[in-house]
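Enquirer: following is a predicted model, sequence given first.
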Amino acid sequence: VIQTDDHVLFVKGKADRLPFADDTFALSCFSPPYLGQRLYLEDGVDLGVTLDCDEWVSWMMRVIREAVRVTRGLVVCVCAGPTEERNYQPGPEGLIWEWHRSGGLQECPVYWKRNGIPGSGGDQWLRKDVEYCIAFKKTPKLPFSDNTACGEPPKFAPGGKMSNRMINGERVNVKAASRRNRKGVRCKETYVPPKLANPGTLLDTGATGGGLLGWDGAHENEAPYPEEVPEFFIKSFTRPGDLVLDCFSGSGTTASVANRLGRRGIGVDLRQSQCRLGRRRIENPHSYLPKGGGVDKPLPLFDRSEAS
Ligand SMILES: C[S@@+](CC[C@H](N)C(=O)[O-])C[C@H]1O[C@@H](n2cnc3c(N)ncnc32)[C@H](O)[C@@H]1O
């Protein structure tokens, strides 16, 4: 456990055995090692976390069960299936299906459109441009969501082009649209345009190569995601002060973004090196190497009495 003063921040541990009580977190957002993808080393030693498709799905079922146990709201798992020897490995789809078959609940997955490097797929024409953000949950209605926090202003102003289709098929401007109330009486609808529209399920973070992930040191992890990914979910599914978990913390992206947004981020990682890396990020969120030797004082983040 890496602590700041008497507050816990990063915990060395396993994602399928989390040291937290039920419903501790408002949101979990993480990216596990993908199936068959790469070696994860600690002090030059392979941790043996590289799994084939079937093994990965079984393991991830345990991880998701554990994440859902400790989380009241959404559990977001960022992952993609690799193509091995020209054969696509449907790990994420297998996980979606197995979770469904086990009676588990899900939101519609979000597709993260990450800009790959053109031509990086070699002679493979169907290069991957999206990854899944699979969204699991415990209850049908989420305890909290703000469906416009990450949206953009609506395209058309009221009185503009937006229109409704009436029962007789006629298209009318929204302002003039009417519908029947519960007693069957036709009543005028007033349309109050939202300042921001629902963002939908495509998350486009633009170019995400070296230097564009939000923190220079992120590449001390093998596969970091850009800050925009957890930011989308933290803004949409948590309130200020809420606890946010990343049980595959790596360079601490989720915890760092959570803190920047006034939430409290907690990271769990199998490797002590990554827990230390996350701590360095929290202390120096704007630069990899502290300029002038100055170290920002971390905020109090997690009261130990909140952990089981
Ligand atoms: C894809 S990386 C996460 C990167 C992170 N999202 C970031 O932005 O830096 C996966 C991390 O999971 C850790 N890991 C692997 N197996 C684990 C396990 N069973 N429990 C917890 N962490 C594990 C690895 O050490 C690695 O740092």
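Expert: That came through fine. Owing to the predicted nature of the structure, the values given are computational and were not obtained by experimental measurement.

Enquirer: burial of the closest residue in space to residue 148 that isn't next to it in sequence, as a residue count?
Expert: Taking Cβ to Cβ, 6 or more residues apart in numbering, and ignoring the residues beside it in sequence, residue 148 has residue 196 as its nearest neighbour in space, at 4.0 Å. From N, CA and C alone the C-beta is placed, and that goes for glycine too. Burial measure for residue 196: 14 neighbouring residues, criterion other Cβ atoms under 10 Å.

Enquirer: and if you look at the one 10 residues further on?
Expert: Around residue 206 there are 10 other residues, counting by other Cβ under 10 Å.

Enquirer: ok, it touching residue 115?
Expert: Yes. Look at residue 206 against residue 115 with Cβ atoms under 8 Å: they come within range, at 6.1 Å.

Enquirer: pLDDT weak spots in the stretch 101-250 of the chain?
Expert: 116-122, 156-166, 171-180, 185-194, 209-210 (pLDDT under 70).

Enquirer: show me where the stretch 1-150 of the chain has strands.
Expert: 2-4, 7-12, 27-30, 41-42, 45-46, 75-79, 83-84, 87-88, 105-115, 130-137 (DSSP state E, counting those that start in this stretch).

Enquirer: which of these sits most buried?
Expert: For the strands of the stretch 1-150 of the chain, the stretch with the most neighbours on average is strand 27-30, a mean of 28; neighbours defined as mean count of other Cβ atoms under 10 Å.

Enquirer: who does that one touch, helix- and strand-wise?
Expert: Secondary structure elements in contact with strand 27-30, counted by 3 or more Cβ pairs under 8 Å, 6 or more residues apart in numbering; DSSP states H and E, are helix 53-70, strand 75-79, helix 228-237, strand 243-246.

Enquirer: doesn't residue 276 belong to a strand?
Expert: No. The secondary structure assignment for residue 276 gives helix rather than a strand, going by DSSP: H, G, I helix; E, B strand; the rest coil.

Enquirer: and stretch 205-217, how far from the chain's centre?
Expert: Its chain's C-alpha centre and that of stretch 205-217 lie 16 Å apart, by Cα atoms, centre = their mean, to the nearest Å.

Enquirer: report the buried residues of that stretch.
Expert: Residues of stretch 205-217 classed as buried under the neighbour-count rule (16 or more other Cβ atoms under 10 Å) are 205, 208, 213, 214, 215, 217.

Enquirer: so which of those comes closest to residue 73?
Expert: residue 205 (21.9 Å; Cβ to Cβ).

Enquirer: which residues touch that closest one?
Expert: Residues counted as contacts of residue 205 (Cβ atoms under 8 Å, 6 or more residues apart in numbering) are 112, 113, 114, 115, 226, 228, 229.

Enquirer: quick check: the farthest pair among these?
Expert: Between all members of these, the farthest pair (by Cβ to Cβ) comes out as 115 and 229, at 13.2 Å.

Enquirer: where's residue 230 relative to residue 150, distance?
Expert: As for residue 230, its distance to residue 150 is 12 Å (criterion: Cβ to Cβ, to the nearest Å).

Enquirer: and if you look at residue 134?
Expert: Distance, residue 134 to residue 150, by Cβ to Cβ: 18 Å.

Enquirer: what of residue 261?
Expert: In this view, residue 261 and residue 150 are 12 Å apart by Cβ to Cβ.

Enquirer: now do the shared contacts for these two.
Expert: Overlap between the contact sets of residue 261 and residue 150, as judged by Cβ under 8 Å, 6+ apart, is given by 231, 235.

Enquirer: and stretch 260-270, how far from the chain's centre?
Expert: The gap between the average C-alpha position of stretch 260-270 and the chain average comes to 12 Å, counting by Cα atoms, centre = their mean.

Enquirer: pull out the buried residues from it.
Expert: Neighbour-count burial for stretch 260-270, counted by 16+ other Cβ under 10 Å, picks out 260, 261, 263, 264, 265, 266, 267, 268, 269, 270.

Enquirer: how about stretch 273-292?
Expert: 274, 275, 276, 277, 278, 279, 280, 281, 282, 284, 285.

Enquirer: ok, and which of the residues you listed reach the ligand?
Expert: Taking Cβ under 6 Å from any ligand atom as the test, the ligand is in contact with residue 274 out of those.

Enquirer: run through the residues that contact the residue of the chain found nearest the ligand.
Expert: Among the residues of the chain, residue 250 lies nearest to the ligand; the distance is 2.7 Å by Cβ to the nearest ligand atom. For residue 250, the residues meeting the contact criterion (Cβ under 8 Å, 6+ apart) are 31, 218, 221, 222, 223, 224, 269, 274, 277, 278.

Enquirer: just give the nearest non-adjacent residue to it, would you?
Expert: In space, residue 250 is closest to residue 221, 3.8 Å off (Cβ to Cβ, 6+ apart).
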